[in-house]
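Q: Provided below are the primary sequence and the corresponding predicted coordinates.
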Amino acid sequence: MLAAELIDPMLPALKPSDSVGQALDWMQEHRIGQLVLTDQGEYRGVVSEELLMDVADIDQSVSTVMRLFEQTYVYDDQHLYEIMALIIQHRMEVVAVLNEGREFSGTISANELLKQFAQELGVQEAGAILILSLNERDYSMTEISRLVESNNVKIISSYFSSAAYGMPDRSRLTLKLNRRDITPVISTFERFGYQIEAAFANAPVESIDQERLDSLLRYLNT
């Protein structure tokens, strides 16, 4: 999903002539602590509620208030993952979207972005989560998919976390599966020498070698 598809049309953009009071009212109405400031279609930065609250005269224009993230924005063809990384890095509540001509296209809110990110990962889908601990040289998504699908189970989403430098055997692969009972999948992985770090499911999960589990299996209600 690209930035242009993530724009929230309900979020207003401030103009330099807007008052501090108007900006605070909009922030309260939309339950957000930041809004984008634009000037005749050009992105000028982000105004925060925290800074606005320090202004004594609410009739004062927002153009006089310090702006944040003036050089931080995304283009409309950037991917959801890139936008998520930017928001986390700068701890932003909103991010401006610009087109190829560097004109302001709209605003993405961090809350809505998080919801879309969760949908992309299949978080809301019913099914188990399985975490494998493996050496990076043993990581083959083709082989792992084959083992999962040999049990008539599908991988909804996956996330690979590289190990810290000098610890290649500490990489992790998190799998979201479309089945709750993943006992056969665990058995298959163990048979092929994979180390199960943890599993989360709605149905009881039994392993043929429980001692190889680093932590007890827990059960989540979804």
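A: On my side now, so go ahead.
Q: low pLDDT regions in this protein?
A: Low-confidence segments of the chain (pLDDT under 70): 121-124, 164-169, 202-222.
Q: now do 90
A: 1, 80-81, 84-85, 88, 111-129, 134-139, 156-172, 180-181, 198-222 (pLDDT under 90).
Q: what domains does the record give for it?
A: Domain ranges of the chain: 3-119, 122-219, per automatic domain parsing.
Q: Reformat these into CSV and put mean neighbour count next to each item.
A: The way it works is simple: take the backbone N, C-alpha and C, and place the C-beta from them, glycine included. Formatted as CSV, the domains of the chain follow (neighbours: other Cβ atoms under 10 Å):
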stretch, mean neighbour count
domain 3-119, 16
domain 122-219, 16
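Q: could you pull out the strands for the chain?
A: For the chain, the strands defined by DSSP state E occupy 34-39, 42-48, 74-75, 94-98, 104-109, 129-134, 155-161, 171-177, 195-201, 218-219.
Q: Can I get those strands in JSON lines including distance to Ser140?
A: Output for these, formatted as JSON lines (distance: least, Cβ to Cβ, whole Å):
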{"stretch": "strand 34-39", "distance to Ser140": "43"}
{"stretch": "strand 42-48", "distance to Ser140": "43"}
{"stretch": "strand 74-75", "distance to Ser140": "33"}
{"stretch": "strand 94-98", "distance to Ser140": "35"}
{"stretch": "strand 104-109", "distance to Ser140": "35"}
{"stretch": "strand 129-134", "distance to Ser140": "10"}
{"stretch": "strand 155-161", "distance to Ser140": "11"}
{"stretch": "strand 171-177", "distance to Ser140": "10"}
{"stretch": "strand 195-201", "distance to Ser140": "15"}
{"stretch": "strand 218-219", "distance to Ser140": "28"}
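Q: just so I know, which of those strands lies nearest Met1?
A: Nearest of the strands of the chain to Met1, taken as Cβ to Cβ: strand 104-109 at 10.8 Å.
Q: Listing partners with orientation, what would you give for the closest one?
A: Strand pairing for strand 104-109, using DSSP bridges, gives strand 94-98 (antiparallel).
Q: and the angle for the partner strand with strand 42-48?
A: Between strand 94-98 and strand 42-48, the angle comes out at 180 degrees (axes from the mean of the first three to the mean of the last three Cα atoms, to 10 degrees).
Q: Name the nearest residue to Leu80, sequence neighbours excluded.
A: Take Leu80 and drop its neighbours on the chain: the residue closest to it by Cβ to Cβ, 6 or more residues apart in numbering is Met1, 4.6 Å away.
Q: And for Glu149?
A: That would be Ile155: by Cβ to Cβ, 6+ apart, it lies 7.9 Å from Glu149.
Q: what's the answer for Phe160, then?
A: For Phe160, the spatially nearest residue (Cβ to Cβ, 6+ apart) is Leu173, at 5.2 Å.
Q: who are the neighbours in contact with Thr73?
A: You called it Thr, but residue 73 is Tyr. Tyr43, Val95, Ala96, Val97, Leu98 (Cβ atoms under 8 Å, 6 or more residues apart in numbering).
Q: Verify the stated contact: the fourth one with Thr72.
A: No - counting by Cβ atoms under 8 Å, Thr72 is not a contact partner of Val97; they are 11.9 Å apart.
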